[in-house]
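Engineer: predicted model, plus sequence, below.
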Amino acid sequence: MSIIKLSNNGVKNATAFGSITGLGSMVFIKKLTASSSATLSFVDGSDGVVLDDTYKEYVFTFNNMHPASDFVNFQFNMSTDSGSNYNVTKTTTIFASYHNEADNSSGLAYQASFDLAQSTAFQPLSFTIGNDNDQSFSGSLTIFNPASTTFVKHFISTGNEYNSNDFCQTSFSAGYGNTTNSIDAVRFQMSSGNIDAGDICLYGIA
């Protein structure tokens with residue numbers, strides 16, 4: 001058995017995670033800010049958005065996505081026609097850990113009602129977000145090689161929400177867009193009502 005030593009100078013000299021060299025850097029591309037917005041969409045070639053073969057990996061970060069409606073899901077879909085349709089066929093999986101403020105309910109559970117099996121519907125990245133002033137969802141979504149015309153489009157998302165029943169809930173979702181066409185647009189929305197506030201940033205991984 002061999003032992004791998006952390007001898008890389010970038011690792012030894014790092015003072016923060018973001019300063020580690022040689023692991024790929026996040027290149028900021030675009031920020032969208034919600035203000036009673038029905039949807040937030042990132043379309044390649046539109047308003048400075050890059051979502052093509054420039055990078056093999058793209059990361060969206062969500063900062064305090066606050067819904068206008070109570071008990072709703074934050075969700076996304078992909079497009080292969082520059083946003084004319086957001087209807088990529090997906091097979092997905094999602095589970096969550098949870099713990100309430102009253103400290104009398106906690107657990108880890110698969111969320112079968114929120115997964116998809118060869119469906120074109122929007123995929124929830126979180127669920128049951130509350131719309132109290134202090135409730136929101138934050139997290140990230142990574143899409144791998146969206147410009148590929150050979151492979152399906154894998155994605156992974158993790159986030160934490162303050163839900164409508166005063167639970168801390170962490171959601172883990174993943175899956176693939178079952179298409180070998182390139183993905184050139186991604187849309188985010190709530191399952192009902194507007195995105196009252198929050199921002200989404202897009203990064204490419206160099």
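Structural biologist: Okay, I see it. All values derive from a computational prediction rather than experimental measurement.
Engineer: contacts, neighbours, all on C-alpha from now
Structural biologist: Will do.
Engineer: who's residue 144 bridged to?
Structural biologist: residue 57 (DSSP bridges).
Engineer: list the contacts of it.
Structural biologist: When contacts are counted by CA atoms under 8 Å, 6 or more residues apart in numbering, residue 144 touches 56, 57, 58, 153, 154, 155.
Engineer: the last one: helix or strand, and which one exactly?
Structural biologist: The reference is to residue 155. When elements are assigned from DSSP states H and E, residue 155 belongs to strand 153-162.
Engineer: CA atoms only: put that strand into CSV for me.
Structural biologist: The C-alpha atoms that make up strand 153-162 are tabulated as CSV, following Å, rounded to 0.1, in the frame of the first residue of the first chain:
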residue,chain,number,x,y,z
LYS,A,153,-25.3,15.8,-18.0
HIS,A,154,-24.6,14.9,-14.4
PHE,A,155,-25.4,17.3,-11.6
ILE,A,156,-25.0,17.5,-7.8
SER,A,157,-26.6,19.9,-5.4
THR,A,158,-26.4,20.5,-1.6
GLY,A,159,-28.1,23.2,0.4
ASN,A,160,-29.7,24.2,3.7
GLU,A,161,-33.0,25.8,4.4
TYR,A,162,-35.0,27.2,7.2
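Engineer: what's the average pLDDT for stretch 74-81?
Structural biologist: For stretch 74-81, the mean per-residue pLDDT is 98.
Engineer: and the most centrally placed residue in the chain, which helix or strand is it part of?
Structural biologist: Centre of the chain computed as the mean C-alpha position; nearest residue by CA atoms, centre = their mean is residue 141, 2.4 Å away. Element membership for residue 141 (DSSP H and E) is strand 137-144.
Engineer: please apply the same query to residue 171.
Structural biologist: In this assignment (DSSP H and E), residue 171 forms part of strand 167-177.
Engineer: how about the helices in this protein?
Structural biologist: Applying DSSP state H to the chain gives helices spanning 9-12.
Engineer: okay, the contacts of residue 144 in TSV with distance to residue 102 next?
Structural biologist: Listed next are those as TSV, based on distance: CA to CA, whole Å:
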residue	distance to residue 102
56	44
57	40
58	38
153	40
154	37
155	34
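Engineer: residue 28: neighbour count?
Structural biologist: Other residues within reach of residue 28, judged by other CA atoms under 10 Å, total 12.
Engineer: which residues does the closest residue to it other than its chain neighbours bridge with?
Structural biologist: Once flanking residues are discounted, residue 28 sits nearest to residue 203: 4.5 Å by CA to CA, 6 or more residues apart in numbering. In this structure, residue 203 bridges to residue 28, residue 59 when assessed by DSSP bridges.
Engineer: same deal with residue 167?
Structural biologist: For residue 167, the beta-bridge partners under DSSP bridges are residue 100.
Engineer: and it, how many neighbours does it have?
Structural biologist: When counting by other CA under 10 Å, one arrives at 22 neighbours for residue 167.
Engineer: please apply the same query to the one 3 residues further on.
Structural biologist: Residues contacting residue 170 under the criterion other CA under 10 Å number 23.
Engineer: please name the nearest non-neighbouring residue to it.
Structural biologist: Excluding its sequence neighbours, the residue lying closest to residue 170 (CA to CA, 6+ apart) is residue 160, at 4.3 Å.
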